[in-house]
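K.L.:
What shape does this take:
(2 chains)
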Amino acid sequence: MRPLTEEETRVMFEKIAKYEKILKLAANIAGDKLVSLGTCFGKFTKTHKFRLHITALDYLAPYAKYKVWIKPGAEQSFLYGNHVLKSGLGRITENTSQYQGVVVYSMADIPLGFGVAAKSTQDCRKVDPMAIVVFHQADIGEYVRHEETLT
Amino acid sequence: MGRKLDPTKKEKRGPGRKARKQKGAETELARFLPAAGDENAKRLSSRARKRAAKRRLGSAETSEMNKRPGVKPLPGKLPKGISVGALQTPGKKGAQSLPNTARGKKRPAPAHSSDEEEEEEDSEEDGVVNQGNLWGSEDSDADMIDDYGIDSNSEDEDEEELLPIERAARRQKAQEAVAGGPWSEEETEEEEEVSPESGPQKEYETDGGLQINLDEEEPFVLPPAGEMEQGAQAPDLQRIHKRIQDIVGVLRDFGTQREEGRSRAEYLHRLQRDLATYYSYGDFLLGKLMDLFPLSELVEFLEANEVPRPITLRTNTLKTRRRDLAQALINRGVNLDPLGKWSKTGLVVYDSSVPIGATPEYLAGHYMLQGASSMLPVMALAPQEHERILDMCCAPGGKTSYIAQLMKNTGVILANDANAERLKSVVGNLHRLGVTNTIISHYDGRQFPKVVGGFDRVLLDAPCSGTGVISKDPAVKTNKDEKDILRCAHLQKELLLSAIDSVNATSKTGGYLVYCTCSIMVEENEWVVDYALKKRNVRLVPTGLDFGQEGFTRFRERRFHPTLRSTRRFYPHTHNMDGFFIAKFKKFSNSIPQSQTAPGNSAASTPTNPDVPDLKGQVTPQPESSSKPAKKARGAVKAEWHLQKRQRPRKTSFQKQNGIPKGADSELPTGPSVPKVQASSKLQGNRQPAEQAVVIRKPKVTGKLKQQSPKLQSSKKVAFRRQNAPLKGMDTEMPSGLSLSKPLATWKPENCVQPQGAEKVKQQVPQKPSKKAAFQKQNGTSEGPQTPTMSPLSASRPPPAKRRKSQSRGSSRPPLS
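P.N.:
So this is what the prediction gives:
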């Protein structure tokens, strides 16, 4: 879990507001029968922390300030839930700070997921090829791997 | 390491591989052909001999071909490999030999392999038919006049004045006349002689050869019945397959090929057993399929079920375009093509080096793996933006997401499924594809519209026996029997009625319902649709799909409504997609007719059918009513209740969406006759065009068929009337109304379908006098005095007033009955 940036928070609430109309209709459905409504961004944990799911990617990606592009060879690895190594790193947004939330893209600009930068941009240049540069948090492979628990 | 390419040591290369082969074919043919060379040599003129000699010298020129465009390509002479004479003699039983020999002038009899290639090239360059390359091109004499193969020693000396090509053409015609038929036919009959002909013609001869072989086969003998049991132990599939083909052949031409003393039934029985064994089907299912398909199609269908259909996918236009997606997938190594003219988003995958269900594009939601036939119901539904759509059986979400992308994520979709496990895949798919306007719920479909109703469009992809997707699930071959089919049909009927009730007929942009199944059984398709037509105020409309087979209007002993022709059937063996059935309904009234037919009565009586189209024609001009008439209808209902007496219990849920007082349903089957009649008469008098009829709840008891239809009709009329006249007027007019109802009552029992039609008509009648007259005509009675026939209907009394009051409030919540 990572704290939402202010921009992400704003974005999230904007999107939620658009669901009003759907909410009204959904009110007709009994609580235990309602499975899903709109897009589930994430869930609140018991300690009231908010965990973002991969389903929020569509909304995060356009607003991402810090992006990471990974090489085609490293795509598969990331889609299986592994962290991104320096050897798989294609591009990274300038002046990304350490532990900054980033959205991971493929070289074709398809958003693949999001994570946390393990090293700042400067450090990325210096570090050896087997070092982790992006911690994996969510990727679109989860649609297939975790279909049961998605939402 | 590797091969060292030494440019200095160039390998000498002779004629290419293909050249060798081609020459070889001709030389082989020469073996079959009689030694025509000798004969030809005789026929060669001096000039021809000179030419032949020149050719032997090896000078090949290509000019010749160009000079013979006019000559018929028939005499497919092999360019060189075969002597001209050889070619000619076999062709057309020697009849063509003359022209051939004539042409032989140009084409030297001796084989000139070197010229072959040129000739072929020439012929292709000319654009002449392939056979053209066979003739004449080998002439290497550039300076020789092209006489189009006319022999100098031709008999027609008097044709000198004609151009050479004309002479050649004439000769050709003569040849053909002698030969007595088109080239190809003759060629087919001559097995070996055809071979010299050009390549394309070879096909004819092979077909001919096959035909000949078949004719010579011994007639098929049906094994005695006793043999069948023996075969059970270790069926020899080869033998069975052969026997299947034989039996099909015999049955195709039963009169001549049958074995004496054996009946057609025996052959069919044997065939059924063999097919069941060979394709591993259960007897029940195979019997059903034999009823459904003619024999030739049956075998094709069974074969098609053994092979999977091609993988198809649908572009998610919310995230990408088909063109971009195709490009991206091709870059990944997928071999694909657009699906067809009928689909703007479909792609068919021939083969793929990466798993097509796991590419990053798939995970990013750019496309969805979906069968081609599953795209059709959504196309038929044609959802518009900002509509409210219900997808009753949505798992795994392919159709739902297609609806969402057609609506561009506007409006609201309610995606429902009764299976919680499969709902997870719906959630996953919809999130992955970026669909945001959907609510996913977990209800039994039959609980709609109680939960929520009033949708603009509804899609019902009903659970079925799966006989159309046997290629996906071969277990269907054996585990389906009569009970399963009937159970499915029953469930489908219930779901369809619920779906119809969930549609809002007064929707401005909608009012449509699409019912589809992935089954080819008539019990699950046409029968269910026909049932719905009888039970609800719906009619079938064209699906908008211009391909596919029309649904059946009759099948064995059953007869269905003629509009079932607008439904569509798809088969794996004809359309190369999963078996499917699609029907599109339009709901024209939110009222629910009281049930008029016994549940088991599936066959619509044919005599009434002709009426229905007329009625429907009347209905069509009427647009969907607005809510205004509904309110008036409610008022009318009040008076109606007063007259009618109905004690049957009524379902409350239906009324909710219609906004029509439930009381309408309270009419008893017995009761309606009288009040309805009265109402109808009143309506006619007023000619109110109200679309909304009094809601008549479908009573659970279905015993009283007769009374039902008149009740419906009269109730509707009451509604119309309501708009104009005050309540009190009703009582006085009752007597007049009776006369009208009478005709209704009389023909109601005949046809399940009729009530709907009648209702429709009734609605229209108040509008215009012409319609009313038409309606009456259909009933076969004229407006006028009451007739004694009314009496059975008038026996019942109108429902107690209390109901009326509750309904007149027009509450959308129907009081529980």
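K.L.:
Out of all residues in chain A, which is the farthest from the middle?
P.N.:
A:Asn28 (31.9 Å; CA atoms, centre = their mean).
K.L.:
I'd assumed that residue was in a strand, is it?
P.N.:
No: using DSSP: H, G, I helix; E, B strand; the rest coil, the secondary structure at A:Asn28 is coil, not a strand.
K.L.:
Tell me which helix or strand the nearest residue to it once chain neighbours are set aside sits in.
P.N.:
Excluding the flanking residues, the one nearest A:Asn28 by CB to CB, 6 or more residues apart in numbering or on different chains is B:Val452, at 4.2 Å. C-betas here are computed from N, CA, C, even on glycine. Secondary structure assignment for B:Val452, by DSSP states H and E: no helix or strand.
K.L.:
The residue farthest from the centre of chain A touches B:Gly453, doesn't it?
P.N.:
No: using CB atoms under 8 Å, A:Asn28 makes no contact with B:Gly453, being 9.4 Å away.
K.L.:
and the closest residue to B:Asn537 other than its chain neighbours, what pLDDT?
P.N.:
Nearest in space to B:Asn537, with sequence neighbours left out and distances taken as CB to CB, 6+ apart, is B:Ser589 at 3.9 Å. Turning to B:Ser589, the model gives it a pLDDT of 89.
K.L.:
B:Gln594 in helix, strand or coil?
P.N.:
Following three-state DSSP, B:Gln594 is assigned to coil.
K.L.:
Please apply the same query to B:Gly249.
P.N.:
Secondary structure, three-state DSSP: B:Gly249 is helix.
K.L.:
quick one: contacts for B:Tyr350?
P.N.:
By CB atoms under 8 Å, 6 or more residues apart in numbering or on different chains, the contact set of B:Tyr350 is B:Pro310, B:Asn335, B:Leu336, B:Asp337.
K.L.:
how long is stretch B:347-361 end to end?
P.N.:
End-to-end distance for stretch B:347-361, by CA to CA, to the nearest Å: 14 Å.
K.L.:
Give me the residue at the spatial middle of chain A.
P.N.:
Short answer for chain A (CA atoms, centre = their mean): A:Phe114, at 3.2 Å.
K.L.:
is it true that it touches A:Tyr59?
P.N.:
No: counting by CB under 8 Å, no contact exists between A:Phe114 and A:Tyr59, whose distance comes to 11.1 Å.
K.L.:
shaky segments in chain A?
P.N.:
Along chain A, the parts satisfying pLDDT under 70 run over A:1-8, A:11-12, A:14-19, A:21, A:30-32, A:151.
K.L.:
That one against chain B: which residues are in contact?
P.N.:
By CB under 8 Å from any CB of the partner chain, the residues of chain A that approach chain B are A:18-19, A:21-22, A:25-26, A:28-30, A:33-40, A:55, A:58, A:75, A:79, A:106, A:108, A:110-112, A:140-141, A:143-144, A:147-148, A:150-151.
K.L.:
In chain A, what residue spans correspond to strands?
P.N.:
Residue ranges of the strands in chain A, as given by DSSP state E, are A:34-37, A:42-44, A:50-52, A:67-70, A:84-85, A:89-92, A:101-106, A:111-117, A:132-139.
K.L.:
and what of the stretch 301-450 of chain B?
P.N.:
For the stretch 301-450 of chain B, the strands defined by DSSP state E, counting those that start in this stretch occupy B:311-315, B:334-338, B:346-352, B:367-369, B:388-391, B:412-416, B:438-441.
K.L.:
about what we covered before: what subset of the residues of chain A next to chain B is buried?
P.N.:
A:19, A:22, A:26, A:29, A:34-39, A:55, A:58, A:75, A:79, A:106, A:110-112, A:140-141, A:143, A:150-151 (16 or more other CB atoms under 10 Å in any protein chain shown).
K.L.:
The residue nearest to B:Phe254 when sequence neighbours are not counted and B:Tyr278, how far apart?
P.N.:
Nearest residue to B:Phe254 in three dimensions, chain neighbours excluded: B:Arg264, at 6.2 Å (CB to CB, 6+ apart). For B:Arg264, the distance to B:Tyr278 equals 21 Å [CB to CB, to the nearest Å].
K.L.:
Between these two, tell me which one has more neighbours.
P.N.:
Neighbour count, other CB atoms under 10 Å in any protein chain shown: between B:Arg264 and B:Tyr278, B:Tyr278 has more, with 18 against 11.
K.L.:
That one contacts B:Leu237, doesn't it?
P.N.:
Yes: using CB under 8 Å, B:Tyr278 is in contact with B:Leu237, at 6.1 Å.
K.L.:
near chain A, which residues of the stretch 301-450 of chain B?
P.N.:
Proximity of the stretch 301-450 of chain B to chain A, by CB under 8 Å from any CB, involves residues B:328, B:357-358, B:360-361, B:363-366, B:388, B:412, B:414, B:423-428, B:430-432, B:434, B:436-443.
K.L.:
CA atoms only for stretch B:451-458, dumped as PDB, please.
P.N.:
What follows is stretch B:451-458, C-alpha atoms only, in PDB (Å, rounded to 0.1, in the frame of the first residue of the first chain):
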ATOM      1  CA  VAL B 451     -35.900  -6.400  -8.500                       C
ATOM      2  CA  VAL B 452     -35.800  -3.700 -11.000                       C
ATOM      3  CA  GLY B 453     -37.500  -3.300 -14.300                       C
ATOM      4  CA  GLY B 454     -38.200  -0.700 -17.000                       C
ATOM      5  CA  PHE B 455     -35.200  -1.300 -19.100                       C
ATOM      6  CA  ASP B 456     -34.900   0.000 -22.600                       C
ATOM      7  CA  ARG B 457     -33.400  -3.100 -24.000                       C
ATOM      8  CA  VAL B 458     -32.800  -6.600 -22.600                       C
END
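K.L.:
Sort out which residues of that stretch are buried, please.
P.N.:
B:Val451, B:Val452, B:Gly453, B:Gly454, B:Phe455, B:Asp456, B:Arg457, B:Val458.
K.L.:
Same list (the residues you listed) but as JSON lines, adding pLDDT.
P.N.:
Listed next are the buried residues of stretch B:451-458 as JSON lines, based on pLDDT from 0 to 100:
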{"residue": "B:Val451", "pLDDT": "87"}
{"residue": "B:Val452", "pLDDT": "87"}
{"residue": "B:Gly453", "pLDDT": "87"}
{"residue": "B:Gly454", "pLDDT": "89"}
{"residue": "B:Phe455", "pLDDT": "91"}
{"residue": "B:Asp456", "pLDDT": "93"}
{"residue": "B:Arg457", "pLDDT": "94"}
{"residue": "B:Val458", "pLDDT": "94"}
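K.L.:
which sections of chain B are below the confidence cut-off?
P.N.:
Ranges of chain B meeting pLDDT under 70: B:1-5, B:9-43, B:59-162, B:179-220, B:224-233, B:235, B:595-817.
K.L.:
Please list the residues of it that sit near chain A.
P.N.:
Counting by CB under 8 Å from any CB, chain B sits next to chain A at B:328, B:357-358, B:360-361, B:363-366, B:388, B:412, B:414, B:423-428, B:430-432, B:434, B:436-443, B:451-452.
K.L.:
For stretch A:62-77, give me every contacting residue.
P.N.:
A:7-8, A:11, A:78, A:84-85, A:87-93, A:96, A:100-107, A:112, A:114-115, A:117, A:133-134, B:360.
K.L.:
Show me which of these are buried.
P.N.:
Buried residues within the contacts of stretch A:62-77, counting neighbours by 16+ other CB under 10 Å: A:8, A:11, A:78, A:84-85, A:88-89, A:92-93, A:96, A:100-106, A:112, A:114-115, A:117, A:133-134, B:360.
K.L.:
returning to that earlier point: mind listing which of the residues of the stretch 301-450 of chain B next to chain A are in helices?
P.N.:
B:328, B:360-361, B:363, B:423-428, B:430-432 (DSSP state H).
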